[in-house]
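Undergrad: Mind folding the following:
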Amino acid sequence: MAKMRTVDAAVAILEKEGATEAFGLPGAAINPFYSAMRAHGGIRHTLARHVEGASHMADGYSRAADGNIGICIGTSGPAGTDMITGLYAAQADSIPMLCITGQAPVAKLHKEDFQAVDIESIAKPLTKFAMTILEPGQVPGAFQKAFQLMRSGRPGPVLLDLPIDVQMAEIEFDIDAYEPLPIEKPKASRKQLEKALDLLTASQHPLIVAGGGIINAGASAQLVELAEILNVPVIPTLMGWGAIPDDHQLMAGMVGLQTSHRYGNETFLQSDFVIGIGNRWANRHTGGLDTYTAGRKFVHIDIEPTQIGRVFSPDLGIASDAGAALDGLLELARERQAAKTLPDYSGWVAECQERKGSLHRKTNFDNVPIKPQRVYQEMNKAFGRDTTYVSTIGLSQIAGAQMLHVFGARKWINAGQAGPLGWTAPAALGVVRGTPDATVVALSGDYDFQFMIEELAVGAQFNLPYIHVVVNNSYLGLIRQSQRGFNMEQNVSLAFENINSPETNGYGVDHIKVAEGLGVKAIRVEDPNDLPAAFDKAKALMGEFKVPVVVEVILEKITNISMGVEINGVNEFEELAETAADAPTAILTKA
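TA: Below you'll find the predicted structure:
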């Protein structure tokens with residue numbers, strides 16, 4: 001056995017567990033861990049400008065590709081508390097992420113030492129496992145347990161807190177004798193899946209609701225094959241968007257109060273059976289449960305047993321990994337296909353296609369200032385099937401989900417449940433790290449963009465190119481819209497007369513100057529007809545300089561985006577498409 005510092009053992013474990021991408025900021029209490037990474041040489045580290053930004057980078061990296069686990073590293077005290085929003089975003093969306101913090105010496109933990117905070121207690125509600133490691137000999141086992149928990153059952157983040165004296169202590173450790181612990185995931189039985197399929201085939205208008213658990217399981221191909229064998233339409237959730245390509249004939253649209261399609265909601269309301277796989281019945285998806293559940297039976301398959309029945313009681317609940325369930329359902333479906341006992345749902349599919357071709361929102365506006373709908377129309381034209389979109393919250397994200405197109409798993413990266421402003425830019429940098437050959441396009445409103453704008457410098461420093469579309473209405477737009485009923489919407493305007501940048505014309509912060517000052521390239525667009533050229537230029541600049549490129553689009557200050565409180569009562573504030581020319585980039589249109 002070799003004697004080494006605990007941090008040297010920990011870094012060797014990171015490599016053996018396949019987690020070699022770290023984001024963070026060093027500090028006095030975590031310097032020993034950084035010295036171990038430097039000595040080892042196999043862990044790439046990206047220096048963030050804010051520890052919260054580092055946590056979102058690690059989150060984005062984890063979301064970018066199957067099997068990724070991003071690492072966030074920071075010092076004691078405020079570095080750990082800065083990570084909390086990142087832990088929340090990852091925990092809420094079932095994303096594995098490892099946070100590592102430095103800590104005051106063990107003997108000082110109860111003495112209110114400088115930057116000593118009980119981060120274990122703070123982080124526990126937002127992690128699968130949080131531990132301040134008090135004994136050097138516990139370090140290997142704590143890391144081993146952390147990786148097992150991150151990957152087992154419903155994935156999620158963990159936090160390990162390392163007092164500086166524990167980091168410096170030496171232990172006996174042999175990396176060759178270290179083995180990752182087995183991953184534990186529930187698996188549906190054949191009998192359970194037979195009952196689920198029996199319920200489906202007894203219905204007239206069935207739907208599959210595809211949740212983010214399918215993407216976490218890397219099972220999108222199985223989903224599509226199952227839908228094709230059964231000839232049953234699929235409704236992806238916001239976290240499951242991309243599990244079936246938007247242009248697949250069985251992709252029936254998204255359902256919900258905000259991030260939904262008109263045709264998706266109408267199709268759901270015509271259904272009589274729903275099998276949800278890897279989803280959690282989020283309230284922005286369901287709206288009022290009486291409306292959502294009326295007249296239809298439900299099967300719910302989820303990896304976390306306590307998730308079943310949490311929102312409403314299904315007719316059948318099955319605790320299973322989404323991939324295992326889909327594999328089992330596929331086996332049964334193939335058997336019944338061969339026996340020619342599957343119902344014919346071609347008429348139901350045709351009805352869904354009819355709605356998909358006719359129920360659209362208008363995007364083809366020529367207004368100046370620009371209407372946001374036109375921006376997404378031009379993005380659809382400018383960016384191809386392989387584009388990965390990154391966004392978090394706000395009217396920009398809601399309208400984007402209504403009008404953009406996604407053609408594959410992990411091509412829509414979104415902090416769906418937590419929705420923290422500022423997440424988009426650092427998460428996009430993490431996605432670029434995780435998929436360096438992908439075309440990454442981020443989407444933000446002005447407020448989301450400003451929250452962590454300093455992280456653009458990370459993209460410039462480390463040559464992490466992506467395009468960041470900033471739709472600037474100089475408002476906290478979603479909150480302005482939600483305040484309409486209180487007659488207080490003027491209270492959230494971000495506009496002001498910037499005497500140092502009169503060219504902003506009352507839109508406040510000069511994002512172009514700020515972005516360029518941080519080392520990236522930036523373009524401002526004020527006429528919708530200039531959008532195609534701006535996107536082409538952005539792609540050229542990204543290719544030439546290998547840095548983020550900001551495309552700021554000056555929007556009309558007030559646009560109310562479609563939303564409501566029931567899936568059968570979404571308010572359409574803007575014009576609807578009456579002809580194909582009104583929505584020229586819709587997946588399916590009728591003249």
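
Undergrad: Now do the phi/psi pair for the residue nearest the centre of the chain.
TA: Nearest to the mean C-alpha position of the chain, counting by CA atoms, centre = their mean, stands Asn414 at 2.6 Å. Per-residue torsions, Asn414: phi -150, psi 130 (degrees, to the nearest 10).

Undergrad: okay, now the spatially closest residue to it that is not a sequence neighbour: neighbour count?
TA: Once flanking residues are discounted, Asn414 sits nearest to Ser391: 5.6 Å by CB to CB, 6 or more residues apart in numbering. No exception for glycine: its C-beta is placed from N, CA and C like everyone else's. Using other CB atoms under 10 Å, Ser391 is surrounded by 29 other residues.

Undergrad: Is Leu193 in contact with Leu330, as I believe?
TA: No: Leu193 is beyond contact range of Leu330, at 9.7 Å (criterion: CB atoms under 8 Å).

Undergrad: still on that earlier bit, how near is the residue nearest to the centre of the chain to Ile215?
TA: As judged by CB to CB, to the nearest Å, Asn414 and Ile215 stand 11 Å apart.

Undergrad: Need the residues touching each of those two.
TA: Met239 (CB atoms under 8 Å, 6 or more residues apart in numbering).

Undergrad: still on that earlier bit, Leu193 and Leu330 - which one has more neighbours?
TA: A count of neighbours by other CB under 10 Å puts Leu193 above the other of Leu193 and Leu330, at 24 against 18.

Undergrad: Quick check: phi and psi on Gly419?
TA: Main-chain dihedrals, Gly419, degrees, to the nearest 10: phi 60, psi 50.

Undergrad: these two touch, right, it and Thr392?
TA: Yes: contact criterion CB under 8 Å: Gly419 and Thr392 qualify, at 5.6 Å.

Undergrad: of these two, who's got more company?
TA: Neighbours were counted for Gly419 and for Thr392 using other CB under 10 Å; Thr392 has more, 27 against 18.

Undergrad: So the more buried one sits against Gln417, correct?
TA: No: assessed by CB under 8 Å, Thr392 is found out of contact with Gln417, at 10.7 Å.

Undergrad: ok, back up a step: would you agree the residue nearest to the centre of the chain is in contact with Thr237?
TA: No: using CB under 8 Å, Asn414 is not in contact with Thr237, being 10.6 Å away.

Undergrad: Run through the stretch 451-591 of the chain and note the low-pLDDT ranges.
TA: Across the stretch 451-591 of the chain, the ranges flagged by pLDDT under 70 are 477, 489-490, 590-591.

Undergrad: Just the strands from it, written as ranges.
TA: Here the stretch 451-591 of the chain has its strands, by DSSP state E, counting those that start in this stretch, at 467-472, 521-525, 549-554.

Undergrad: strands paired with the shortest one, and their directions?
TA: Using DSSP bridges, the neighbouring strands of strand 521-525 in the sheet come out as strand 549-554 (parallel).

Undergrad: Going by neighbour count, which residues in the top helix by length along the chain are buried?
TA: Secondary structure of the chain per DSSP state H: the longest helix is helix 322-338. Using 16 or more other CB atoms under 10 Å as the test for burial, helix 322-338 gives 322-330, 332-333, 336.

Undergrad: That one packs against which elements?
TA: On a contact count with 3 or more CB pairs under 8 Å, 6 or more residues apart in numbering; DSSP states H and E, helix 322-338 meets helix 190-201, helix 212-216, helix 220-230, strand 273-277, strand 297-302.

Undergrad: Out of these, which is closest to Ala142?
TA: When the helices and strands packed on helix 322-338 are compared by CB to CB, helix 212-216 sits nearest Ala142, at 24.0 Å.

Undergrad: So which elements touch the closest one?
TA: Where contact means 3+ CB pairs under 8 Å, 6+ apart, helix 212-216 is packed against helix 322-338.

Undergrad: Just want the angle from the helix it packs on to strand 297-302.
TA: For helix 322-338 against strand 297-302, the angle by axes from the mean of the first three to the mean of the last three CA atoms, to 10 degrees is 130 degrees.

Undergrad: How many residues are close by Leu199?
TA: Going by other CB under 10 Å, the residues that sit close to Leu199 add up to 18.

Undergrad: Sorry, wrong one. I was asking about Glu572.
TA: Neighbours of Glu572 (other CB under 10 Å): 14.

Undergrad: who are the neighbours in contact with Gly53?
TA: With contact set as CB under 8 Å, 6+ apart, Gly53 has these partners: 422, 425-426, 452, 454-455, 458.

Undergrad: One more pass at 10 Å, please.
TA: Counting by CB atoms under 10 Å, 6 or more residues apart in numbering, Gly53 touches 23-25, 72, 82, 86, 422-423, 425-427, 429-430, 451-452, 454-455, 458.

Undergrad: Repeat that for Ala409.
TA: 65-66, 212, 214-221, 223-224, 240-245.

Undergrad: any idea how far it lies from Asn279?
TA: From Ala409 to Asn279 the distance is 15 Å (CB to CB).

Undergrad: can you check Ala415 too?
TA: Remark: distance between Ala415 and Asn279 (CB to CB) = 17 Å.

Undergrad: So between these two, which is more surrounded?
TA: A count of neighbours by other CB under 10 Å puts Ala415 above the other of Ala415 and Asn279, at 29 against 26.

Undergrad: you'd agree that one is up against Gly430?
TA: No: under the criterion of CB atoms under 10 Å, Ala415 is not in contact with Gly430, lying 11.7 Å apart.

Undergrad: okay, and the common contacts of these two?
TA: Here Ala415 and Gly430 share the contacting residues 56, 59-60, 63, 390, scored by CB under 10 Å, 6+ apart.

Undergrad: Who are the packing partners of the helix or strand of the chain with the lowest mean pLDDT?
TA: Least confident helix or strand of the chain, by mean pLDDT, DSSP states H and E, is helix 477-482 with a mean of 73. Applying 3 or more CB pairs under 10 Å, 6 or more residues apart in numbering; DSSP states H and E, one finds that helix 477-482 makes contact with helix 395-403, helix 446-451.
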